[in-house]
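Peer 1: Below: sequence and its predicted model.
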Amino acid sequence: MNTFLLRFVACLFFVVSSSSHAALYDRGNGLIYDDVLNITWMQDANYAQTSGYAAANAVGSLNSGSTNLQADGRMGWDAAITWADQLKYGGYGDWRLASSGSSPTIGYNITNSELGHMFYNNLGNTAGNSIYGNVSFSDMAASGGAESFLNVQGYIYWLGEEYAPNTDAAWAFNNYDGYQYNPIKNDSRYSWAVRDGDVSTVPVPAAASLFGSALAGLLVARRKNKK
């Protein structure tokens, strides 16, 4: 194998290895991008409360109905769907609740839901053991990066899909112990907003750009060596 080809293979291996490493990217303005799920998270995991929305629209008591909304940010499932649908933040209006993913199931170690992926893969929790603890906190550093999520609750969060066998229930994820299940919509739970895609204006994926630049550099070097 000639020197040029060896360099090309080494470059290709570097690019593939780099692009396959999951990471969270702080895009600024309270937005964090997940390059595996290709979604952007609100940095504030209880923005319904910190924005003042919950206090201004509070209605009903805890667990009193699917449209109940508490000043601390907990709400019924229908109220959570409404909040996410109406949310405008960072110049975007296409926010939604985190998804339960395809073919959701009940139990621990469910990583095909977006909150399950965050809990287990991004933040390195294990089933029954959460870095969140049993109280709310702020400024928690994500593993593998310098990003900090704010106001993450060590409690249950709604997911965006109904529980198909019983439309009185919906999917939810417990940040306290990593358990995904199907409570009734009347329960009061927290909500974490996400949107599809990246908010970065970079026109091409970083890995593709890096690969193209490296390949161009190798071609130039090869031409010079032939002169």
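Peer 2: Received, thanks. Remember, predicted model here, so these are calculated numbers, not experimental data.
Peer 1: Run a quick neighbour tally on residue 150.
Peer 2: 16 (other C-beta atoms under 10 Å). C-beta here means a position set from N, CA and C on the backbone, and glycine is covered the same way.
Peer 1: ok, for it, nearest residue in space, not its chain neighbours?
Peer 2: Once flanking residues are discounted, residue 150 sits nearest to residue 44: 4.6 Å by C-beta to C-beta, 6 or more residues apart in numbering.
Peer 1: From the structure, what's the count of residues near the one you found?
Peer 2: When neighbours are counted by other C-beta under 10 Å, residue 44 comes out with 20.
Peer 1: pLDDT value on it, please?
Peer 2: The confidence metric pLDDT takes the value 95 at residue 44.
Peer 1: Which helix or strand in the chain has the lowest average pLDDT?
Peer 2: strand 140-141 (a mean of 36; mean pLDDT, DSSP states H and E).
Peer 1: Now the element after that strand, going C-ward?
Peer 2: Next along the chain after strand 140-141, taking DSSP states H and E as the criterion, comes strand 148-149.
Peer 1: quick one: that following strand to chain centroid distance?
Peer 2: Using C-alpha atoms, centre = their mean, to the nearest Å, the mean C-alpha position of strand 148-149 is found 11 Å from that of the whole chain.
Peer 1: what does stretch 178-187 give?
Peer 2: With C-alpha atoms, centre = their mean as the basis, the mean position of stretch 178-187 lies at 19 Å from the chain mean.
Peer 1: Stretch 162-172 now?
Peer 2: The answer for stretch 162-172 is 21 Å, by C-alpha atoms, centre = their mean.
Peer 1: which residues in the protein form strands?
Peer 2: Along the chain, counting by DSSP state E, strands occupy 24-28, 31-34, 39-42, 96-97, 140-141, 148-149, 156-162, 170-174, 179-181, 193-196.
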